[in-house]
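Visitor: Structure, please.
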Amino acid sequence: MRFLLDEDLSPNVAEIARGLGLDVVSVHEIDRRGYPDPDQLHFAASEGRVLITRNRDDFIRLTISWFQIGRLHAGVLIVPHSLPSHRPDRIAHSLKRWLDQDVDPGLHFIDFLSP
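Guide: Numbering: from 1, shown residues only. Okay, here's the model as predicted:
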């Protein structure tokens with residue numbers, strides 16, 4: 001599974017996650033900061049990447065509207081505030097634990113990382 005970190009998360013999360021063997025890139029690293037949420041989700045979908053973000057409300061709304069028009073994406077993972085931004089290692093390790101659960105949510109899912 002491949003992942004794209006939204007700009008509301010530190011690019012350090014991507015670095016640490018890659019050290020754990022995960023395929024994670026940050027929008028900071030690929031010069032996509034400042035793009036509107038629909039554009040970020042479209043990019044993630046076109047790359048087959050699950051978008052990881054703290055922006056729960058907007059991406060839930062986007063996923064619902066995309067579902068209603070039959071537009072798919074690879075998924076959205078929400079990072080809760082119980083995983084603090086100043087601890088990118090905790091976010092990266094939570095992502096690794098989520099992936100190690102052998103999840104196969106299919107397309108168009110929304111899920112939450114847990115601390």
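Visitor: what's the distance between the most far-flung residue of the chain relative to its centre and residue 108?
Guide: Relative to the centre of the chain, the most outlying C-alpha is that of residue 69, 21.7 Å out, by Cα atoms, centre = their mean. Look at residue 69 and residue 108: by Cβ to Cβ, to the nearest Å, they are 12 Å apart. (Each C-beta comes from the backbone N, C-alpha and C, glycine too.)
Visitor: can you give me the strands for this structure?
Guide: Taking DSSP state E as the test, the strands found in the chain are 2-5, 23-26, 49-53, 76-78, 110-112.
Visitor: Most tightly packed of those?
Guide: Greatest average neighbour count among the strands of the chain goes to strand 49-53 (a mean of 24), per mean count of other Cβ atoms under 10 Å.
Visitor: Distance-wise, check the residue farthest from the centre of the chain relative to residue 1.
Guide: Taking Cβ to Cβ, one finds residue 69 at 25 Å from residue 1.
Visitor: What of residue 53?
Guide: Distance, residue 53 to residue 1, using Cβ to Cβ: 16 Å.
Visitor: Angles on the backbone of the residue farthest from the centre of the chain, please.
Guide: In terms of degrees, to the nearest 10, the main-chain angles of residue 69 are phi -100, psi 10.
Visitor: need the contact list for residue 96.
Guide: 17, 20-22 (Cβ atoms under 8 Å, 6 or more residues apart in numbering).
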